[in-house]
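# Everything below, folded, please.
(2 chains)
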Amino acid sequence: MAVPSVAVEQRSSILSRLSESRNALGFGFMLPAAVLLLVFLTYPLGLGVWLGFTDARIGRPGIFIGIENYQYLWSDSVFWLSVFNTLLYTISASILKFMLGLWLALILNENLPFKSFFRAVVLLPWVVPTVLSAIAFWWIYDSQFSILSWALQQMGLIDHRINFLGDPTNARASVIAANVWRGIPFVAITLLAGLQTIPQSLYEAATLDGASRWQLFRHVTLPLLTPIIAITMTFSVLFTFTDFQLIYVLTRGGPVNATHLMATLSFQRGISGGQLGEGAAIAVAMIPFLLAAILFSYFGLQRRKWQQGGGD
Amino acid sequence: MKFTRRDVIRTTAGVAAGALGSRFVGSPALAQEGLKYKPEDGAKLRLLRWSPFVQGDEDQWLANTKRFTEATGVEVRVDKESWEDIRPKAAVAANVGSGPDLMFVWFDDPHQYPDKLHDVTELGEYLGSKYGGWYDGPKQYATREGKFLGLPLATIGNAIVYRESWVKEAGFAEFPKDTAGFLELCKALQAKGHPAGFTHGHGVGDGNNYAHWLLWSHGGQMVDESGKVAINSPETLKAIDYAQQLYKTFIPGTESWLDVNNNRAFLAGEVSVIANGISAYNTAKINKDKDPKLDEIAKDIRTTNLPIGPVGKSVELFQVTTAVIFDYTPYPNAAKAYLQFMFEDPQMSDWITSSAGYCCQTLKAFDNNPVWKADPNNAAYAKASATLRPNGYAGPLGYASAATMADYVLVDMFAKAVTGQATPQEAMEEAEKRANRYYRV
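Residues are numbered from 1 along each chain as shown, chains lettered A, B, ... in the order given. Here you go, the predicted model:
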């Protein structure tokens, strides 16, 4: 009878040691998150990278072909057009979203009447599912039924309908505008949260020192907001760079691929066209750009010494 | 059609009861022994199909499915997806080996994952011999190396849909039958303020239908019989030249059109001529009581086949849908029994009738379906299965043909040239280069 009692004691002693071990507890608490990351992020990413080196097609695993997919993409004008479109789309939309979002955040940070109401309203474009807002823009940009064209015609400002999605330049501008409209709330509300963490005493001190409104913004608001800006814009750039739904609903990448982003081209080639390997290669080709955006945000914005009042 | 006692015994009681009451007439005699699949015990099926464009299609399919369940006890869940989402869903199901047991897929899909599909050769041959044979075009999409990868379900016809009063106003007593006359008509319509509009954007159906008609009607082809890219040809240049002239007569913006735009513009009275399935006409007809404008349009709509070009015969792509059974299904016999039931008369007859001209029969014995004479506008869609030319003509169907279409190579070639972004020669050479990437294997 003594043996089980010893075993129980040993088990309880192991459990007790584990429960007091910082390492064991830390490992235990991190395990679920690590499993989730491995299963849902690392594995798909690794699989995607692997597929990019194969000639896999729908229904066929494919064999390793080295960098052949990338060699084909290197000489593919549509791919390079999609890279150009993606960069133009991301850079233009991100700059506009930042400027307009920051502007909106500054306004909402003031003591306005119905402040809460306005803050809620600003979030609406972000709350509406992307596909729904894309369909709304589809009508707004329709070559025959656009309300913008109709309104401008009624005002006598134009004499023909605007070819929003048929002309390559107009189409690019239109999809960027739609993305900006949808993305502003995220930037604005996040920056607003950042603005509210800045102590009022700093503004009071600067005001006593005779700082102008611009100086308050330049030397108090902006440095203290920079970490939030870095995080917000990193996410915003990532969301914009990987955008898919807006383009898919509005243009399918047309006219003549003028609005194809890397994400939409990857889907078109990989899923609709069945060329999984090539589609994966296009998706993997997005990674360096995304990493560059993250590194720029991290090194360029987050670690600037001038946030603490020093030079760069 | 005469059903023998043996047929009645071989099919389930419910099937036979339906068959005996058939309205089906004029089909050839049963040329092959009957076929019966015994569903697995506890079988349940899930079918994923495209969302209907004509409500009668879905209603009748569900009614037939209910009859199947009543006859066999096999439950069938019918899900639907937007037709453009079917291809990716089918691709994913085939690749991961999980999803619906049966699916209605499009174009070359069965040729993209033939190893993932359940062989239905026995059923295909049985139905073919019983119902006068399959039409070649739909059959090519569903068969590979003599085996049926699925059953050719329907051809979604595409035809000219036009406003008769405006065509007459433009000085044409009847719609031109050839491409030269058609160009003259479009010029006249534009002059009268009622332009035509054909899709140059990434519309999977309308964009591809129009681009293939332009190319094929002028004798061009993407590849030759061996699968070698043959788009760089004088015939292609003629097709591009014709497309450029035609485009000048269109309403502005057709290079941005997706599949819905032409219907929308036509039903709003913005354009006089489009190419579309019967759904454009049906929408006006069904809603005419709710909207006097649509009533007026419905009365004025006429349909006809697309004009014949220098090749001298009607050549069109159309959309073909095939019913496939995935190999991973645990209930292949139930799935085959279901398809057999749905393809047999009177189920198939009823379905074609209820589809109101949207779904054209793939089995020749159903040619005499009353729907084709029920409305004069249906006639233009009656021969879709007989006149269609498969994608990737004149080469084999497979990965390359599917990928070339999915990448809008032909659609972009015409769009680039007509909008002046490239010369016809440049547009053609770029299409050749892009097609070569897919036909490299």
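
# phi, psi of B:Val229?
phi -60, psi 130 (degrees, to the nearest 10).

# What pLDDT is listed against the residue nearest to it when sequence neighbours are not counted?
The shortest distance from B:Val229 to any non-neighbouring residue, by CB to CB, 6 or more residues apart in numbering or on different chains, is to B:Ala435 (4.6 Å). C-beta coordinates here come from the backbone N, C-alpha and C atoms, glycine included. B:Ala435 is assigned a predicted lDDT (pLDDT) of 94.

# Next: A:Pro61.
For A:Pro61, the model assigns a pLDDT of 81.

# tell me the contacts of it?
Counting by CB atoms under 8 Å, 6 or more residues apart in numbering or on different chains, A:Pro61 makes contact with A:Thr54.

# pretty sure the residue nearest to B:Val229 is touching B:Gly227, no?
No - counting by CB atoms under 8 Å, B:Ala435 does not reach B:Gly227; the two are 10.4 Å apart.

# Between those two, which is the more surrounded one?
With neighbours defined as other CB atoms under 10 Å in any protein chain shown, B:Ala435 and B:Gly227 compare such that B:Ala435 has more, 25 against 17.

# Which helix or which strand is home to the residue nearest to B:Val229?
According to DSSP states H and E, B:Ala435 maps onto helix B:424-438.

# ok, which residues in the stretch 101-250 of chain A are in contact with chain B?
A:141-145, A:160-161, A:163-166, A:168, A:171 (CB under 8 Å from any CB of the partner chain).

# how does it look with 7 Å?
Contacts of the stretch 101-250 of chain A with chain B, taken as CB under 7 Å from any CB of the partner chain, map to A:143-144, A:161, A:163, A:165-166, A:171.

# Filter these down to just the ones in strands.
Among those, DSSP state E puts none in strands.

# Tell me the helix or strand right after whichever helix or strand A:Ala206 is part of.
Secondary structure from DSSP H and E places A:Ala206 in helix A:200-208. Once the chain leaves helix A:200-208, the next helix or strand it forms, by DSSP H and E, is helix A:213-216.

# mind listing what's buried in the helix or strand following that following helix?
Note on helix A:213-216: by DSSP H and E, the next helix or strand toward the C-terminus is helix A:222-241. Using 16 or more other CB atoms under 10 Å in any protein chain shown as the burial criterion, the residues of helix A:222-241 that qualify are A:224-234, A:236-241.

# same question, stretch A:48-58
The neighbour-count check on stretch A:48-58 (16+ other CB under 10 Å) flags A:48, A:51-58 as buried.

# Narrow the residues you listed to those in strands?
Using DSSP E, none of those sit in strands.

# could I get those residues as a markdown table with distance to B:Pro110 and pLDDT?
Output for the buried residues of stretch A:48-58, formatted as a markdown table (distance: CB to CB, whole Å; pLDDT from 0 to 100):
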| residue | distance to B:Pro110 | pLDDT |
| --- | --- | --- |
| A:Gly48 | 26 | 94 |
| A:Leu51 | 23 | 95 |
| A:Gly52 | 27 | 96 |
| A:Phe53 | 28 | 96 |
| A:Thr54 | 23 | 95 |
| A:Asp55 | 20 | 91 |
| A:Ala56 | 19 | 90 |
| A:Arg57 | 14 | 86 |
| A:Ile58 | 11 | 81 |
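
# From chain A, how far out is the residue nearest to B:Val229?
12 Å (CB to the nearest CB, to the nearest Å).

# Tell me the pLDDT of B:Ser22.
41.

# nope, A:Glu110 is what I was after
86.

# so it sits in a strand?
No - under DSSP: H, G, I helix; E, B strand; the rest coil, A:Glu110 sits outside any strand and is assigned coil.

# Now it: phi and psi?
Per degrees, to the nearest 10, the backbone of A:Glu110 is at phi -80, psi 170.

# what sits against it?
By CB atoms under 7 Å, 6 or more residues apart in numbering or on different chains, no residues touch A:Glu110.

# can you check B:Trp106 too?
So B:Trp106 contacts B:86-87, B:319, B:321 (CB under 7 Å, 6+ apart).

# Of all those residues, the one with the weakest confidence?
Within the contacts of B:Trp106, pLDDT is lowest for B:Arg87, at 86.

# how near is that residue to B:Glu58?
Distance, B:Arg87 to B:Glu58, by CB to CB, to the nearest Å: 19 Å.

# so who does the spatially most central residue of chain A touch?
Chain A has A:Phe239 as the residue nearest its centroid, 1.7 Å off, counting by CA atoms, centre = their mean. Contact analysis of A:Phe239 by CB under 7 Å, 6+ apart lists A:Gly183.

# now it: how far from chain B?
According to CB to the nearest CB, A:Phe239 stands 22 Å off from chain B.

# Could you check the pLDDT of that residue?
For A:Phe239, pLDDT reads 91.

# got it, and B:Thr11?
40.

# where do the helices sit along the stretch 101-250 of chain B?
B:109-112, B:121-130, B:136-142, B:164-169, B:179-191, B:206-217, B:234-247 (DSSP state H, counting those that start in this stretch).

# Only the buried residues of the fifth one, if you could.
Of the residues in helix B:179-191, those scored as buried under the neighbour-count criterion (16+ other CB under 10 Å) are B:179, B:182-183, B:185-190.

# Enumerate the residues of the stretch 251-400 of chain B near chain A.
B:251-253, B:255-256, B:258, B:265, B:268, B:270, B:399.

# Which parts of stretch B:58-65 count as buried, going by neighbours?
For stretch B:58-65, by 16+ other CB under 10 Å, it's B:58, B:60-61, B:64-65.

# now the residues you listed in TSV, with pLDDT, secondary structure and distance to B:Tyr281?
Below are the buried residues of stretch B:58-65 laid out as TSV (pLDDT from 0 to 100; DSSP: H, G, I helix; E, B strand; the rest coil; distance: CB to CB, whole Å):
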residue	pLDDT	secondary structure	distance to B:Tyr281
B:Glu58	96	helix	18
B:Gln60	97	helix	19
B:Trp61	98	helix	21
B:Asn64	97	helix	25
B:Thr65	98	helix	27
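
# Might you name the residue of the stretch 101-250 of chain A sitting closest to chain B?
A:Ser143 (2.5 Å; CB to the nearest CB).

# need the contact list for that residue.
Taking CB under 7 Å, 6+ apart, one finds A:161, A:163-166, B:252-253, B:256 in contact with A:Ser143.

# re earlier: and of the contacts of B:Trp106, the nearest to B:Arg163?
Lowest distance from B:Arg163 to the contacts of B:Trp106 (CB to CB) belongs to B:Gln319, with 24.3 Å.
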